[in-house]
Structure formats: C-alpha cells, structure tokens
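Colleague: what shape does this take:
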Amino acid sequence: MGTGDIMRDKVTKNTILDMRQRGEKIVALTSYDYLCTRIVDESGVDMILVGDSLGMVVLGFENTLPVTMEEIIHHCKAVARARPRSLLAADLPFMSYQASVEDAVRNAGRLVKEGGAECVKLEGGQRYVPVVEAIVHASIPVVGHLGLTPQSVHQLGGYRVQGKDNESAEGLMSDAKALERAGCFAIVLEGIPWQLARRITEAVAIPTIGIGAGPHCSGQILVIHDMLGIHERPLPRFVKKYDELGLRMKQAISNYVQEVKEGRFPGMEHSYDAGGEKKDRTAGK
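Modeller: The predicted structure follows:
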C-alpha cells in the first residue's frame, strides 16, 4: 500500500503544529489546477500551496510580480474544487498587502471566501508584523516567508542566497521570532544557508518549511513543475528533479503528431460503427 492509498483526516493548521511537536516532517508542494491537485493530494502531501509562482510556471511571466489577486483566486478555486485533505494555502500576491493593513485583511479574506483557501502566505519580516496580526485577528491563519523573497527581487538585486553574513543572519532570526509572536503558525525559509535555517528552526516553536534552506527545517516545499521536470528555465541548486516529465510529454506528443501525419491514428479500434454496436457511453460528450 502506497502513501496515497492511506485514508487521512483533513489536515488543518493544528495538524501542522502537532507535526512539528512530534518531529514529523511536513511535506508541501505547489499546485494550480483541479486534476493536478487530485494527484498531489492522493500522494500524501500535507500542505498544498497555490503560490504566486504560477506567474512563472503557468502564466509565462518572467517573475512573480505581475500576478494579480484575481489570478490567484481563479487558480485557488480550481484547487479547492478537488476538496484536498491537504491544508490549502494561497499566496498574497505583490501589492495585495504592502500598501495598507486594510488591503491585507481584505485580500486575505478574499482568498478564503472566494478562493477557498484555508490559510494565506505572505513575504516579509518585522515590518509586516501589524499585517500578520490583523489577518490573524480576522481569524485567518498566516504562513510567513523569509529569506529569498521573490516579491522583493528588485530590492534584493536578483535571486540571491540571503543571510550569509552575521548582520543579515541575525536580522532573519529576529524576523522569524517576530512573525511567531505576531501569530504565524509556520514560516517558509527560502534560499538561506542551512546553518541559519537550523538555528531559526531551533529558536522558534512553529514549523519552518524549507526551500533551498537545507535538511534541518520542519518540512520542505518545492514547485511542482520544477520537481517533475516541466520547465523552461534554469533550476536553482536546491531543486531535485524526481522525473523528466517535460521530455516524456514531448515524446508522447511527437508520437501522436507522427501517427496522425502517417495515417496510423485513429485506427478502427478508435472509431465508431454505424451497424448496431452497443453505444459507447462517452460518445458525443
């Protein structure tokens, strides 16, 4: 029996917190549509993130900055329709929470009310403590995100590892503790040295979810297109490709093209007969 065959209770914020207390690793993965979510959820993932990474891997943008609330909500609705047992998180996209606390609460509420999200994620440290507190006060669970924060790519000067010097490392440590005090129930740590990720994980009681932060975090997250090998961009060092699905898709489609060109598809076994055969229930749908 595989992991996906085991019936699981619905994963909630409290489930994730309990996993941290038990020392059980948390597995998170992005998903952006109904069918993919069914597969991800049945595979035993604990948390599904409708990330603003959809801008790059689904919508074709160069970075996450152009992604809108409407786009996140659209994809979150599709994921929610799969009724995943995994905890469903959604990103607050760029400029949906930076301008004011009121914007942040309103948009977080939209992700829950319209999109079906069960918690929201936002980037940034101590400066966003009032935002986190207000969203939590509105009864919406919040996941923080520190380190390499893609929405700050221009300020960071590119996609660079963060926290490599003592000053920035201590700043991230303070940010993590501040987010915990503000009410975050988990923190994503992206693109930081493993030593710092371990220190932060040991310093806070809430789970840390690593992506490019080494093996000592409470759990891990990857972008599904990256780990399956469906991508058009150079992948960062921290990505492990578990398949080359892009190459296998290309080969399958090439085979289809060739068979149609050569008249080998469709065959008679793919065709309908006018003479009284039992009707195929899928015909005409």
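Colleague: C-alpha only now, for contacts and for neighbours.
Modeller: Fine.
Colleague: check which residues of the host helix or strand of residue 17 are buried.
Modeller: Taking DSSP states H and E as the definition, residue 17 sits inside helix 13-22. For helix 13-22, the neighbour count (16 or more other Cα atoms under 10 Å) marks 13, 16-17, 19-20 as buried.
Colleague: go on, stretch 147-167?
Modeller: Per 16+ other Cα under 10 Å, stretch 147-167 contains these buried residues: 147-152, 162-163.
Colleague: coming back round to it: pick the one among the buried residues of helix 13-22 closest to residue 181.
Modeller: Set against residue 181, the nearest of the buried residues of helix 13-22 by Cα to Cα is residue 17 (14.8 Å).
Colleague: just the pLDDT for that closest one.
Modeller: For residue 17, the pLDDT comes out at 98.
Colleague: which residues sit in contact with it?
Modeller: 185-186, 206-207 (Cα atoms under 8 Å, 6 or more residues apart in numbering).
Colleague: can I get those residues in JSON lines with pLDDT, distance to residue 113 and secondary structure?
Modeller: Formatted as JSON lines, the contacts of residue 17 follow (pLDDT from 0 to 100; distance: Cα to Cα, whole Å; DSSP: H, G, I helix; E, B strand; the rest coil):
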{"residue": "185", "pLDDT": "98", "distance to residue 113": "20", "secondary structure": "coil"}
{"residue": "186", "pLDDT": "99", "distance to residue 113": "21", "secondary structure": "strand"}
{"residue": "206", "pLDDT": "98", "distance to residue 113": "26", "secondary structure": "coil"}
{"residue": "207", "pLDDT": "98", "distance to residue 113": "25", "secondary structure": "coil"}
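Colleague: what two of the residues you listed are the furthest from one another?
Modeller: 185 and 207 (7.1 Å).
Colleague: of those two, who's got more company?
Modeller: residue 207 (28 against 22; other Cα atoms under 10 Å).
Colleague: skipping its backbone neighbours, what lies nearest residue 130 in space?
Modeller: residue 101 (7.1 Å; Cα to Cα, 6 or more residues apart in numbering).
Colleague: quick check, the one you found in contact with residue 134.
Modeller: Yes: counting by Cα atoms under 8 Å, residue 101 touches residue 134, with 7.0 Å between them.
Colleague: can you pull out the helices in the stretch 51-200 of the chain?
Modeller: Applying DSSP state H, counting those that start in this stretch to the stretch 51-200 of the chain gives helices spanning 54-57, 69-80, 101-113, 129-137, 153-156, 166-182, 194-203.
Colleague: that older thread, which other residues reach the next helix or strand after the helix holding residue 17?
Modeller: Using DSSP H and E, the helix or strand that follows helix 13-22 in sequence is strand 26-30. With Cα under 8 Å, 6+ apart as the test, strand 26-30 has contacts from 16, 19-20, 40, 45-51, 209, 218-224.
Colleague: rewinding a little: for the residue nearest to residue 130, give me its contacts.
Modeller: 130-131, 134.
Colleague: mind pulling up the pLDDT for it?
Modeller: pLDDT at residue 101 comes out at 98.
Colleague: what of residue 121?
Modeller: The model's pLDDT for residue 121 equals 98.
Colleague: by mean pLDDT, point me to the weakest helix or strand of this structure.
Modeller: helix 153-156 (a mean of 87; mean pLDDT, DSSP states H and E).
Colleague: can you report how many residues lie near residue 176?
Modeller: Around residue 176 there are 30 residues (other Cα under 10 Å).
Colleague: is it true that it touches residue 123?
Modeller: No: in this structure residue 176 lies outside contact range of residue 123 using Cα under 8 Å: 11.5 Å.
Colleague: got any residues that touch both of those two?
Modeller: residue 146.
Colleague: just list whatever residues bridge to residue 29.
Modeller: Judged by DSSP bridges, the bridge partners of residue 29 are residue 48, residue 222.
Colleague: ok, now how distant is it from residue 192?
Modeller: 19 Å (Cα to Cα, to the nearest Å).
Colleague: quick revisit: now distance to residue 35 too, for the contacts of residue 17, in JSON lines please.
Modeller: What follows is these, written out as JSON lines (distance: Cα to Cα, whole Å):
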{"residue": "185", "distance to residue 35": "28"}
{"residue": "186", "distance to residue 35": "27"}
{"residue": "206", "distance to residue 35": "31"}
{"residue": "207", "distance to residue 35": "28"}
